[in-house]
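Peer 1: task: produce atomic coordinates for the following.
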Amino acid sequence: MYISRARGRSAAFAAALVATSLLATACSNTMGSAGSGDASADSSLFGGSAVTGVTLTLWHNTADPQALLDLYKAYEKESGNTLQFVDIPASTFPTTVQTKWATGARPDILEWHGNRTDLLALNGSQTMVDLSSMSFVAKEGQLATLSGSLDGKTYAATIGMPTVFGLFYNKSVLAAAGLSVPQTYADLAHDCTVLKAKEPGVIPLYEAGGSGWPQQVLSSFDYVAQYNKGNTYAASILSGEAKLNDPNGPLVKGLEAYAALKSAGCFNSDSATGTWETSLKDVLAGKAAMVANGSDSVPMLDADAGGNDASVDAAVGFTGVSATSAVAGYAPSPLGTYYVPKTGDTTKERAAIQFIEYVTGAGYGAYIDEAATIPTLSGTATPKMQGLMQQIDAAYRDGATLTWNSQVPGSGNFGPESAKLLAGQEDAQAVADKVQDYYLQASAAAGS
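Peer 2: Sure, this is the predicted structure:
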């Protein structure tokens, strides 16, 4: 176990997880005396004087941006408590957390994914304090029912903006080829053909299979987005009305469209080993025309440009893209999503709840201003954002849908299976068949 004090990290790491994209009142004096269990069952966790002078262990992602690190420092100063950080490497975040969790180890505060599937992986309804009665829940609105939520209860505070999935593109490259911004997969196929003819030295679509997760974006997150309005596609899977491996269903068709782009030579020659870091550098430099990825990539683009946001805005644009329309997908980001695990130490549980109060209260406004990002809590003004983030915000607000995998158990196995499609080891139907099997196994294990 590696334990350290939080320290500044390059913003370049803020997007290391896509598979994987905020904090306003001082620590309340309305917290209570000892009690354990979930919030709704044990109101004593939510009343009484503020806890001070304790050390709270926080498992956090090493991709936390500086704005979150500064928020932690502000909390320590305001509360008189100390945060002891267990750094979870961004590159192995899901597996490391789940492995540590399986040993019975528990932090006082956990930074973790908000997806239902990831909460189920930690048996959240039994292991996390129910935060449903806290004031931030109403301010989150619908997000509180999607992030850190199970069976109508909210177990997490989500202050980090959701990750928005779509397409980053180099403006100059598309313009030089006489192309408009693509919105559909037919557009992507057409643009690939044109770019290969008019810009032969440019990679039409960079794919970063070597990083393990980026191929999921183009192979399903983007394609399926338009079919999951109101979470309808995921709901049809959960109800048994549809199956992930239906030959004419959205997942199989998305995988087939992805395979067709690969067969047409639209990807970089090293697509199975290419990296997320290189994909962003190449789109920024115009070596690649497009890359499908999430909004957490913006800090990396800014870092690649030496912190010159204006040059990034001049070079790179963002759009939603789906099967036949320009719909973006989104998913709760692990960065800035916090849980209070049940540890049996009621004093620390109460102090951890006060941490949640602070980051969604007194500390929230300053965090939003420093992060220059989209607020997740109502009543908070959106700060001035760089142009690329404004495009992402517009795509998010213009009908973006929750990614299908956010609600479907067993979908954590989709990444390795989609990688096999990219490597030519499995076809689209075989990938979907396996993902359907994983879903059934996970549902049975969860008793659903």
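Peer 1: okay, CA-based contacts and neighbour counts for the rest of this
Peer 2: Fine.
Peer 1: just give the nearest non-adjacent residue to S406, would you?
Peer 2: Beyond its immediate neighbours in the sequence, the residue positioned closest to S406 (C-alpha to C-alpha, 6 or more residues apart in numbering) is N115, lying 4.8 Å away.
Peer 1: any idea how many residues pack against that neighbour?
Peer 2: 25 (other C-alpha atoms under 10 Å).
Peer 1: how close does it sit to Y364?
Peer 2: As judged by C-alpha to C-alpha, to the nearest Å, N115 and Y364 stand 22 Å apart.
Peer 1: quick revisit: wait, the residue nearest to S406 touches G148, no?
Peer 2: Yes - shown here, N115 and G148 form a contact pair, counting by C-alpha atoms under 8 Å, at 6.4 Å.
Peer 1: so which elements touch the one helix or strand Y223 maps to?
Peer 2: In this assignment (DSSP states H and E), Y223 forms part of helix 222-224. With contacts defined as 3 or more C-alpha pairs under 8 Å, 6 or more residues apart in numbering; DSSP states H and E, helix 222-224 has these neighbours: helix 250-263.
Peer 1: what residues sit buried inside the next helix or strand after the helix it packs on?
Peer 2: For helix 250-263, the following helix or strand on the C-terminal side (DSSP H and E) is helix 276-285. The neighbour-count criterion (16 or more other C-alpha atoms under 10 Å) identifies W276, E277, S279, L280, K281, D282, V283, L284, A285 as the buried residues of helix 276-285.
Peer 1: and for stretch 67-87?
Peer 2: Of all the residues in stretch 67-87, those buried under the rule 16+ other C-alpha under 10 Å are 67-68, 70-72, 74-76, 79, 81-87.
Peer 1: avg pLDDT for that stretch?
Peer 2: Along stretch 67-87, the predicted confidence averages to a pLDDT of 97.
Peer 1: also stretch 174-188?
Peer 2: The pLDDT scores in stretch 174-188 average 98.
Peer 1: who touches that stretch?
Peer 2: Defining contact as C-alpha atoms under 8 Å, 6 or more residues apart in numbering, one finds that stretch 174-188 is touched by 191, 194-195, 198-199, 223, 257, 289, 319-327.
Peer 1: among the residues you listed, which ones are buried?
Peer 2: 191, 194-195, 199, 223, 257, 289, 319-323, 325-327.
Peer 1: what's the closest of these to A242?
Peer 2: Y223 (17.2 Å; C-alpha to C-alpha).
Peer 1: correct me, but the closest one touches G320?
Peer 2: No - using C-alpha under 8 Å as the test, Y223 is too far from G320 to be in contact (10.0 Å).
Peer 1: flag the shaky bits of this structure, pLDDT-wise.
Peer 2: Within the chain, the stretches falling below the threshold (pLDDT under 70) are 1-43, 91, 448.
Peer 1: go again with 80.
Peer 2: With pLDDT under 80 as the threshold, the chain has low-confidence stretches at 1-44, 47-48, 90-92, 446-448.
Peer 1: correct me if wrong: A90 contacts T62.
Peer 2: Yes - the pair formed by A90 and T62 meets the contact definition of C-alpha under 8 Å, at 5.4 Å.
Peer 1: who has more neighbours out of the two?
Peer 2: In this view A90 and T62 are compared by other C-alpha under 10 Å, and T62 has more residues nearby, 22 against 18.
Peer 1: against G152, how distant is that one?
Peer 2: Taking C-alpha to C-alpha as the criterion, T62 is separated from G152 by 30 Å.
Peer 1: over to A102?
Peer 2: As it turns out, when the distance is counted by C-alpha to C-alpha, A102 lies 25 Å from G152.
Peer 1: over to I356?
Peer 2: Taking C-alpha to C-alpha, one finds I356 at 19 Å from G152.
Peer 1: quick one: which of the two has more around it?
Peer 2: The residue with more neighbours, out of I356 and G152, is I356; 26 against 10, by other C-alpha under 10 Å.
Peer 1: so where does that one fall, helix or strand?
Peer 2: For I356, the secondary-structure element it belongs to, assigned by DSSP H and E, is helix 346-359.
Peer 1: who are the packing partners of that helix?
Peer 2: If contacts are counted by 3+ C-alpha pairs under 8 Å, 6+ apart, helix 346-359 sits against strand 55-61, helix 66-79.
Peer 1: what's the closest of the ones you listed to Y206?
Peer 2: Evaluated with C-alpha to C-alpha, the helices and strands packed on helix 346-359 place strand 55-61 nearest to Y206, the distance being 26.4 Å.
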